[in-house]
Structures are given as C-alpha cells and as structure tokens.
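Novice: sequence first, predicted coordinates after that:
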Amino acid sequence: MSADDQPTQPLPDPRAQWVLSSPAEPPRRKRRRWPWLVSLVIVVALAIGAWFAGDAIARSIVEQTIRQQTITQLSLPADQQVDVQVDGPVLLGLIVGSLGEVRVASDDVPLGRLTADISVLAQDVPIHGAGDWSGAYATATIDETQLQTLLATLEDFPADTVEIDAPDVAVTFELNALVTTVPVGVALTPRAENGELVLSPTSLRIADAEISAESIVQQFGALASTVVRDWDVCIAQYLPAALTLTDVQVDPAAVVVDFEIDSSILRDASARENGTCA
C-alpha cells in the first residue's frame with residue numbers, strides 16, 4: 001500500500017480544543033440577605049425603644065401636670081400628696097387628643113369641715129378640656145370621726161354617739177319619759193336618693209331588746225319623732241357641684257360614698273365650686 005493510499009485522519013476541531021482548555025465557570029454565589037434582616041430588626045427595635053422612652057417621658061409630664069392642676073383647681077394644700085396614674089399609651093393619647101384612663105387618689109383631703117380619702121377614675125379624658133369624657137367616678141371614704149363631724153350638722157341628732165356598725169350606722173337617742181331618760185339604740189341604713197344622703201331607721205332597741213317603731217310611738221308619743229324618722233344629710237356643700245351622689249355603703253371601718261362626675265367640671269368654673277343644700 002502506498003503512502004497515497006493511507007487513510008487520512010480528521011483534523012481536530014479548534015472549538016472543541018477551546019472548550020476543553022477553558023477553565024470551568026465558578027458557581028454563582030447566592031446573595032446573603034440575613035444582614036439586611038438583622039439591620040431591619042435593629043432599626044425596628046430602636047424605634048420601639050425610642051417610642052417607649054418617649055412615652056415614659058410624656059407620661060411623667062402628663063401625670064405631673066394633672067397632679068398640679070388637681071391641687072390648684074381644688075384649692076388643696078401645696079404639699080398635699082396626690083397620686084396620679086395614666087393607663088395606656090400616653091403619646092398616642094396626645095396624638096388623638098384624649099387619655100384612655102386617668103386615676104387620681106389622695107388621702108385626708110380637706111372638704112370644708114371634713115376630711116376624706118378620695119379616689120377618682122376618669123375615662124377617655126379630653127386633653128384640651130373642650131369635649132366630654134365617656135365616664136368619671138369618685139369615691140370618698142369617711143371614717144367614724146369624720147362621720148360624726150358630718151352628722152353634727154343635723155339638728156337634734158346625737159352625732160357624738162354615732163358608731164360604724166356595718167352594714168348600718170348605730171346611734172343612741174335619749175327619750176325623756178316623765179322623770180326618767182330612756183336610751184334608744186337605732187340602726188340607720190344609709191342610701192342615695194335623688195343625689196342626697198338619707199339615713200333611715202331599720203331597727204330599734206331599748207335595754208338590748210328590739211322594739212318596733214309602733215311601740216316606740218305608742219310609748220313616747222311625739223317624743224319618738226326623732227327616733228323613727230328619716231334623716232336627710234346634705235353633703236353637696238362639701239363637694240364640687242359637678243358631683244352627684246350615686247351610692248353609699250358602710251364598711252367595717254368606714255362609710256364609702258360613690259359619685260358620678262359630670263364633664264362640665266373640665267370647662268365650667270361654677271361646676272368646680274361647692275354645691276348648695278336645698
């Protein structure tokens with residue numbers, strides 16, 4: 001076989017050679033997103049922290065303002081201890097124009113001749129005083145000594161014998177029968193009626209024996225009128241006119257009196273003045 005008859009070898013494809021000799025393409029790296037998430041969390045945490053820090057500062061300012069206004073508007077002594085608590089977010093309340101719930105309390109608050117422990121709860125309180133709150137309530141707690149002071153304003157009422165005997169108020173009347181004096185123990189039950197405090201006799205005792213009202217009247221006649229009657233007690237003269245008596249309860253150590261407060265006290269000076277007795 002001659003050289004011309006030898007089979008020819010195909011020439012290598014240069015493209016294949018380029019492919020084989022080219023370095024492999026490195027795999028694409030996935031974008032790491034967690035640093036962005038961490039940054040976002042940090043920003044949110046800082047924003048929340050700033051909100052709560054700002055809310056705490058705003059709460060302190062608002063509570064201090066309420067405390068000072070309470071002392072000023074009610075003519076309390078400058079050193080009167082007044083506890084104020086504003087519930088809910090204060091900054092949000094300042095933005096929308098009202099505070100969700102405000103509590104104010106103080107012990108031994110002077111009310112004319114009386115002193116009492118006072119607590120107040122107001123809901124949805126308008127900041128600028130131009131609107132109405134959704135509700136406001138006050139509670140006055142009166143001990144036995146102050147109750148005697150209050151009842152001493154009643155004519156022919158033996159206030160110095162008054163004792164708290166839950167759920168009633170006990171008092172002793174003395175009825176003169178000929179040449180003797182008969183002590184009559186009376187249990188008086190307090191109630192709120194048309195915004196007034198009323199004491200009604202519920203039981204009578206002579207010498208530790210219970211006796212009916214009819215028997216007292218039969219035995220003592222007109223003298224018994226001071227024993228079997230209701231006693232109307234005016235408390236409006238000691239409190240702002242915006243307060244309306246709603247309930248009275250006798251606890252073992254004190255008489256607890258509840259009031260509803262009209263929103264007019266926010267904007268009407270006369271509503272902050274003491275009421276009058278009919």
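Specialist: Nice, I can see it.

Novice: can you name the residues that contact D208?
Specialist: Listed by CB atoms under 8 Å, 6 or more residues apart in numbering, the contact set of D208 is empty. Where you see a C-beta, it was placed from the backbone N, CA and C, and this is true even at glycine.

Novice: then G100?
Specialist: Contacts of G100 (CB under 8 Å, 6+ apart): D87, G88, P89, G93, Q123, D124.

Novice: from S264, how far off is P240?
Specialist: Separation of P240 from S264 (CB to CB, to the nearest Å): 10 Å.

Novice: widest-spaced pair of the contacts of G100?
Specialist: Using CB to CB, the contacts of G100 reach their maximum pairwise distance at P89 and Q123, which is 15.0 Å.

Novice: about what we covered before: quick one: buried ones out of the contacts of G100?
Specialist: Neighbour counting with 16 or more other CB atoms under 10 Å marks P89, G93, D124 as buried within these.

Novice: that older thread, need the contacts of G100 in TSV (columns: secondary structure, distance to R229 and pLDDT).
Specialist: Below are the contacts of G100 laid out as TSV (DSSP: H, G, I helix; E, B strand; the rest coil; distance: CB to CB, whole Å; pLDDT from 0 to 100):
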residue	secondary structure	distance to R229	pLDDT
D87	strand	45	90
G88	coil	49	84
P89	coil	54	83
G93	helix	50	81
Q123	strand	40	94
D124	strand	43	92
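
Novice: distance to Q219 for these - can I get that in CSV?
Specialist: Shown next, in CSV, are the contacts of G100 (distance: CB to CB, whole Å):
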residue, distance to Q219
D87, 58
G88, 62
P89, 67
G93, 64
Q123, 54
D124, 57
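
Novice: and which of those residues is nearest to A213?
Specialist: Using CB to CB, the contacts of G100 come closest to A213 at Q123, 43.8 Å.

Novice: look up how far E63 lies from the closest one.
Specialist: For Q123, the distance to E63 - CB to CB - is 16 Å.

Novice: give the pairing partners of the host helix or strand of A187; include direction for each.
Specialist: Per DSSP states H and E, A187 falls inside strand 180-193. Taking DSSP bridges as the criterion, strand 180-193 forms sheet pairs with strand 168-177 (antiparallel), strand 196-206 (antiparallel).

Novice: save those as TSV, and put in mean neighbour count too.
Specialist: As requested, the strands paired with strand 180-193 are exported to TSV (neighbours: other CB atoms under 10 Å):
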stretch	mean neighbour count
strand 168-177	17
strand 196-206	17
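
Novice: run a quick check on A130 versus S98, I expect a contact.
Specialist: No: between A130 and S98 there is no contact under CB atoms under 8 Å: 10.6 Å.

Novice: these two - which one has more neighbours?
Specialist: Using other CB atoms under 10 Å as the criterion, A130 and S98 rank with S98 on top: 18 against 9.

Novice: helices of the protein, start to end?
Specialist: In chain order, the chain shows helices spanning 14-21, 34-73, 90-96, 144-151, 213-220, 269-272, with DSSP state H as the criterion.

Novice: what average pLDDT does the first one get?
Specialist: Right, the one you point to is helix 14-21. The average pLDDT for helix 14-21 rounds to 48.

Novice: before we move on, the earlier item: for L154, find the nearest of the strands paired with strand 180-193.
Specialist: Set against L154 and scored by CB to CB, those come closest in strand 196-206, at 8.9 Å.

Novice: quick one: low-confidence ranges for the protein?
Specialist: Applying pLDDT under 70 to the chain flags the ranges 1-53, 129, 278.

Novice: tell me which residues touch the residue nearest to the spatial centre of the chain, please.
Specialist: Nearest to the geometric centre of the chain sits L121, at 2.6 Å (CA atoms, centre = their mean). By CB under 8 Å, 6+ apart, L121 lies in contact with E101, V102, R103, A136, Y137, A138.

Novice: next one: the third one from I216, what distance?
Specialist: Distance of R103 to I216, computed by CB to CB: 46 Å.

Novice: looking at these two, which one has more neighbours?
Specialist: Neighbour totals were compared for R103 and I216, and I216 leads with 23 against 14 (other CB under 10 Å).
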